[in-house]
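*Asks:* fold the following.
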Amino acid sequence: MKFSSLLHSLTHHTYSLNRLIHQTSPYLLQHAHNPVDWYPWGEEALQRARAENKPILVSIGYSACHWCHVMERESFEDASTADIMNSHFINIKIDREERPDIDAIYMDAVQMITGSGGWPLNVFLTPDAKPFFGGTYFPPVRAYNRQSWKEVLHSISQVWQEKPTEIIAQAENLTEHIRNSNMFGNAPAGDPDFSDEQLQVIANNLLKAADTTWGGFGRAPKFPQTFSILFLLRHYHFTKDEAALNHALLSLDKMIEGGMYDHLGGGFARYCTDNKWQVPHFEKMLYDNALLIAVISEAYQLTQKDIYRETIEQTMHFIRSEWQTAAGGFYSAYDADSEGVEGKFYTWSRVEIEEILQENAGLFCEFYDISEEGNWEHTNIIWITERLPAFCKNRQLDEGNTAGKLQECRQKLFVEREKRIKPLLDDKILMGWNALMVTACCKAFAALQKGEYRQMAIEGVDFIEKFLKKDDGSYHHNFKKTAENPAFLDDMAMYIQALINTAEITGNNEYLNMAKYCTELVELQFNDAGTPFYFYTNKTQSDVVVRKKDWYDGATPSGNSIMAANLHYLSIIFDHAVWLKKAREMAATVAATAAKYPTSFSNWSCLIQQFVYGTNEIVVSGSFNEPVLGQVLSGYCPNKVLQSQTTPTQDFPLLYQKEVEATTLIYLCKNYQCNAPVKTVDELWGLLTV
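*Replies:* Here you go, the predicted model:
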């Protein structure tokens, strides 16, 4: 190599290090050694683009993203590719989990341009940060009917030099289109009219999209769609529609039996690439596991099936032992890859299993579909193709003895697997995902009454208050070594929801005052004065080209759908009619769309169920009420507001003038009109069935 070329390479390598090496995001740090002159998102990069009149390349991904790693290895680590990028573009790397607001804007742009989206997301901007072209993964040479990355770079650079005016006009039009698509939310006039007919249409349309053989909705790739399952569970509770229950349970059973579930260590992968839930995309995300724990907890309350209890316990153990910090926060994700190979940590050859399990290997391999040739890419994913009772009956095996042997085998393989190199841990802590996990802990405690789950919830709230709350009383979005970025709407909405659930399981009503404070903060910072909805970014956010509003329930529920449910709940707790009116207006605006496209609005649909079937106001009052409170929590009553007290308080309308005696009393109310108190939970359930 010539000296000048070597100097050029070293200079750019060091320059790149200086850009991302001081970031805390594991994803950005993965790119700190690329020869690409990466910037983090910020004014320094944007100012340079304006000064040099260069287009901006924004490349967005996250640490557990398999195809992000592939594109890095193929293109961003390649010196000749980096030279093109450095010469013609200002290059910005973004962790989508740190800046979901920016990701959402440019994902909209790419979907409008190409009709699809995903990660890595590569989008080209004008110097004033307006998008004009983009896509997802680009290969290093032409493949998959896609241009190579170098071809894209050369084409964009040439067009920018030759036709900048046309590109700027296209960027303006695209940005305006994104802005216009965000103009929704005017509430319908008059008091909203919700009906059980609407809910039946939603249920019917969900079941039309159902895979009645393997569970879930639609075809591969298959995502959990937990809110759709939750809606069907509750629909059965209210209507006794067996089809709704059967599909909800089929979906959960097939996910738990499939390769999406980690049968050795607990926890779920993000989604599956096939219809049978056999082949996962192996990354594990905190939010998926939180949402699945929550819905499986409701399924257990409804059915008391052991498989749901075991899955909750195993997954909660995984999260507590591997993802919860000593300070109480929860890490974000495990990568799909280990040692550069997708799924290597989780898959097995038959020879390995035979060496470890010896005489029990045959039984294990037959039950979990392990073969010599492999059940996926010449290796084996552990999954269940025949449920244990049928497996044992068909082979004349004792079910209890077989279950014990399989448990022994799983434990031996788990111990051996712990010796492997683990996937990369994304150890940043996100406010919204942590709040979802707090809610999951509350739901798991309610279902199983295990005190450690309640403690995990309390610790999670304490972490957010200690490490993510600012001196001025607002909140940060993410934490690793230090807290960064203002909280987004879903952070706040999920946290309010978590505080509500923590109040229910602890009986500590101070959590409700905290929820009220955070709701008032959302009204102040996120409110859209022209609609009942909220913006995704707070009013101080100045580095986005569009201030979006989000109403779709995607991989996580939308901040607006959670806020509407929060407003409904807290309007009862604090007798705040304005919040109730707003929640009803939000749901009414969405209702017709939810009926047509229920898989994208299922969290909204759960709120509409509350409006149709009413909300039970339950108070548990007594100087030693914990056993009774636990019994109320463990029962299935999804349409309730639950408060308790051990000492008299006049601060909450539902608790006003409720007696506190040695014998615990249970009050059932609607619209603050209460039945005579009862002393047992069985009596309460009797009142609820009237």
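
*Asks:* dump the C-alpha coordinates for stretch 553-571 into CSV.
*Replies:* Output in CSV follows, covering the C-alpha atoms of stretch 553-571 (Å, rounded to 0.1, in the frame of the first residue of the first chain):
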residue,chain,number,x,y,z
ASP,A,553,-50.6,-0.5,17.3
GLY,A,554,-47.5,-2.1,15.9
ALA,A,555,-44.9,-4.3,17.6
THR,A,556,-45.7,-2.2,20.7
PRO,A,557,-49.0,-0.5,21.3
SER,A,558,-49.2,3.2,20.1
GLY,A,559,-48.6,5.8,22.7
ASN,A,560,-52.0,7.3,21.9
SER,A,561,-53.9,4.0,22.5
ILE,A,562,-52.2,3.6,25.8
MET,A,563,-52.9,7.2,26.8
ALA,A,564,-56.6,6.8,25.9
ALA,A,565,-56.8,3.8,28.3
ASN,A,566,-54.9,5.7,30.9
LEU,A,567,-57.2,8.7,30.7
HIS,A,568,-60.2,6.4,31.0
TYR,A,569,-58.8,4.7,34.1
LEU,A,570,-57.6,7.8,35.8
SER,A,571,-60.8,9.7,35.1
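
*Asks:* any buried residues in that stretch, and which?
*Replies:* 553, 556-571 (16 or more other C-beta atoms under 10 Å). For glycine as for every other residue, the C-beta is placed from the backbone atoms N, C-alpha and C.

*Asks:* looks like residue 24 contacts residue 483 (just checking).
*Replies:* No - Residue 24 lies out of contact with residue 483 (C-beta atoms under 8 Å); the separation is 10.1 Å.

*Asks:* mean confidence score for whichever helix or strand residue 500 is part of?
*Replies:* Per DSSP states H and E: residue 500 is located in helix 489-506. Mean per-residue pLDDT for helix 489-506: 98.

*Asks:* immediately after it, which helix or strand?
*Replies:* Following helix 489-506 toward the C-terminus (DSSP H and E): helix 510-526.

*Asks:* for that following helix, name the packing helices and strands.
*Replies:* helix 489-506, helix 559-573 (3 or more C-beta pairs under 8 Å, 6 or more residues apart in numbering; DSSP states H and E).

*Asks:* reformat those into TSV and put distance to residue 461 next to each item.
*Replies:* Output for the helices and strands packed on helix 510-526, formatted as TSV (distance: least, C-beta to C-beta, whole Å):
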stretch	distance to residue 461
helix 489-506	6
helix 559-573	15
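
*Asks:* wait, which of these is closest to residue 156?
*Replies:* Relative to residue 156, the nearest member of those by C-beta to C-beta is helix 489-506, separated by 32.6 Å.

*Asks:* which strands or helices does the closest one pack on?
*Replies:* helix 431-448, helix 451-463, helix 510-526, helix 559-573, strand 640-645.

*Asks:* make TSV from these and add mean pLDDT and distance to residue 661 to it.
*Replies:* As requested, the helices and strands packed on helix 489-506 are exported to TSV (pLDDT from 0 to 100; distance: least, C-beta to C-beta, whole Å):
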stretch	mean pLDDT	distance to residue 661
helix 431-448	98	25
helix 451-463	98	25
helix 510-526	98	23
helix 559-573	98	23
strand 640-645	97	11
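
*Asks:* tell me which of the ones you listed sits most buried.
*Replies:* helix 431-448 (a mean of 28; mean count of other C-beta atoms under 10 Å).

*Asks:* how far off helix 451-463 does that one point, in degrees?
*Replies:* 160 degrees (axes from the mean of the first three to the mean of the last three C-alpha atoms, to 10 degrees).

*Asks:* so residue 91 belongs to a strand, correct?
*Replies:* Yes - counting by DSSP: H, G, I helix; E, B strand; the rest coil, residue 91 falls inside a strand.

*Asks:* let me have the helices and strands packed on helix 489-506 in TSV, extended by distance to residue 217.
*Replies:* Listed next are the helices and strands packed on helix 489-506 as TSV, based on distance: least, C-beta to C-beta, whole Å:
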stretch	distance to residue 217
helix 431-448	21
helix 451-463	29
helix 510-526	31
helix 559-573	18
strand 640-645	27
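
*Asks:* nearest to residue 127 among those would be which one?
*Replies:* Of those, nearest to residue 127 by C-beta to C-beta is helix 510-526, at 29.3 Å.

*Asks:* can you give me the strands for the stretch 201-350 of the chain?
*Replies:* 271-272, 280-281, 284-285, 333-334, 337-338, 341-342 (DSSP state E, counting those that start in this stretch).

*Asks:* quick check, distance from the next helix or strand after the last one to the centre of its chain.
*Replies:* Same thing as strand 341-342. Sequence-wise, the next helix or strand downstream of strand 341-342 (DSSP H and E) is helix 350-357. Here helix 350-357 shows a centroid-to-chain-centroid distance of 36 Å under the convention C-alpha atoms, centre = their mean, to the nearest Å.
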